[in-house]
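1. Fold the following.
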Amino acid sequence: MSGALLSEAVAGRFHLPPNATYLKSHSVGCQPRTAEDLLRRKLLAPWRETGEAWPDWLGAIDAWRAALAGLIGVEARDLCPATNVSAGLSRYLSALGTATRRRTILLAPSAFPTIGYVASGLEAAGWRVRYLPGDADVRDPASWIAALDDDVALVVAMHVSSNSGALTDIAAVAAAAKAAGARCIADCAQSVGVVPVTPAAWGVDAVLGTSVKWLCGGPGAAWLWVAPHDRTALSPMERGWWSHENPFEMDISAFRYAPDARRWWGGTPDVAPFILSATGIAEIAAIGVDRIRAHNRALQAMLRDALEARTPGWRWPAGDIGGTLCIDTGADQPRVAAALAAHGIGADFRGSVVRLSFHAYNGAGDVEAVARAFLP
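-> The predicted structure follows:
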């Protein structure tokens, strides 16, 4: 496994919290050292020197779209910037109302809560939310197939669950949805940057993602990817002047949708978050997602080897998982939480489940620190 580990020099490309073992990349990825300089050059300098700096700012967003497109293997024109995952999902759903007579949105109860909040908030517009059974295995396509019927318009599947780390076979879920006449959207917030995200190969209709976690790009830079077959087939009801084919035409009575994913954009865009996001994408791309994934798995295995046999009351994850190792510590949770705090280890909990995320900037020393803290 040691051959899969990245060199310690990789950690030097990020700002890491001092005197701490940081294992919360599932929440916020550490800041690249290049971020501050790029923000000055791409946002502040044009603003200071030209006043109205939109050409430079829009160029920076175009560069972000191109960088993300390269990372996940899609065309830049099919990516729309979004403030967050909630906004991207809401905009996408606003286009489905006139595209299908079906009115059921299918998701798992383990989906990130914002997904359920957005979907259930549309009940007044005639949408219905249906959940998989609580004990269903989200990784098993059969669980989704059993819940599909001729009223399901959209399946929302988490690529990686934030609660358990479960890694779903998105291609299989998308195929099941398609066979049932439904669309499938993948939430990749917990996977992009540490697990390969390949929308075109999956056959999904859309993907949601964010830069704040494994992409180390900070908050405010999320996105919606829409498959080429829906590039112009869907017309979102939520729109703004940047959804227009030519935002600067300024004819209030003549709206024409942009001919690509920008039709989901909406009002005046944020700029700074996407400049910062571009620095994270550049670092992740330079290291390589496959290498980060191998490094992550090697560190997970090291911790498991050190602890599993010596923690008989804990439940370790079974089956495929993403970048976050989620361990149910059961009745031992209070002691484990106190040990984390005492040893300066940045992790968090979902109930009694401790979540530990090893990124490219973590190493074997971090595994050893966790093992020392956890062993009574």
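2. what's the offset of stretch 291-302 from the middle of its chain?
-> In terms of C-alpha atoms, centre = their mean, to the nearest Å, the centre of stretch 291-302 is found 19 Å from the chain centre.
3. And the contacts of that stretch?
-> 1-2, 4-6, 193-196, 284, 321, 323, 325, 357-360, 362-364, 366-367 (C-beta atoms under 8 Å, 6 or more residues apart in numbering). Yep, even glycine has a C-beta here, placed from its N, CA and C like the rest.
4. Cross these against strands and list the overlap.
-> Counting by DSSP state E, the part of the contacts of stretch 291-302 found in strands is 325, 357.
5. taking the contacts of stretch 291-302 one by one, which sit in helices?
-> Mapping the contacts of stretch 291-302 onto helices (DSSP state H) picks out 284, 364, 366-367.
6. Show me where this structure has its strands.
-> 14-15, 21-22, 31-32, 79-82, 104-107, 128-131, 152-158, 183-187, 206-210, 222-226, 324-328, 345-346, 348-350, 353-357.
7. on that earlier part again, list buried residues within the contacts of stretch 291-302.
-> 5-6, 193-196, 284, 321, 323, 325, 357-360, 362-364, 366-367 (16 or more other C-beta atoms under 10 Å).
8. mind checking the end-to-end distance for stretch 344-354?
-> Stretch 344-354 has an end-to-end distance of 15 Å (criterion: C-alpha to C-alpha, to the nearest Å).
9. Go through that stretch and flag the buried ones.
-> 345-347, 352-354.
10. List just the nearest of the ones in helices among the contacts of stretch 291-302 to residue 151.
-> residue 284 (39.3 Å; C-beta to C-beta).
11. How about the closest one, nearest residue that isn't a chain neighbour?
-> residue 193 (5.0 Å; C-beta to C-beta, 6 or more residues apart in numbering).
12. And the nearest residue to residue 148 once chain neighbours are set aside, how far from residue 147?
-> With C-beta to C-beta, 6+ apart as the criterion, residue 148 has its nearest non-adjacent residue at 4.0 Å, and that residue is residue 180. Residue 180 is 10 Å from residue 147, where distance means C-beta to C-beta, to the nearest Å.
13. Report the set of residues contacting both of the two.
-> With contacts defined as C-beta under 8 Å, 6+ apart, no residue is shared by residue 180 and residue 147.
14. for this protein, which spans come out with low pLDDT?
-> Residue ranges of the chain with pLDDT under 70: 1-3.
15. Show me it divided up by domain.
-> 2-23+288-374, 36-285 (automatic domain parsing).
16. quick one, which of these is packed in tightest?
-> Compared across the domains of the chain, domain 36-285 shows the largest average neighbour count, a mean of 19 (mean count of other C-beta atoms under 10 Å).
17. so how far is the first residue of that domain from its last?
-> End to end - C-alpha to C-alpha - domain 36-285 spans 19 Å.
18. mind checking how far it is from the chain centre?
-> That offset, for domain 36-285, works out to 9 Å (C-alpha atoms, centre = their mean).
19. re the thing from before, and residue 30, which of the domains of the chain is closest to it?
-> domain 2-23+288-374 (4.4 Å).
20. what's near enough to touch the spatially most central residue of the chain?
-> For the chain, the residue nearest the mean C-alpha position is residue 189 (1.2 Å; C-alpha atoms, centre = their mean). Contact analysis of residue 189 by C-beta under 8 Å, 6+ apart lists 85, 112, 162, 208-210, 213, 222.
21. Same question for residue 10.
-> Contacts of residue 10 (C-beta under 8 Å, 6+ apart): 287, 360-361.
22. Spit out the contact partners of residue 28.
-> 212-213, 218-219.
23. what's the closest of those residues to residue 132?
-> residue 213 (23.9 Å).
24. roughly how far apart are the residue nearest to the centre of the chain and residue 195?
-> Taking C-beta to C-beta, one finds residue 189 at 11 Å from residue 195.
25. Equivalent analysis for residue 347, please.
-> Counting by C-beta to C-beta - residue 347 and residue 195 are separated by 19 Å.
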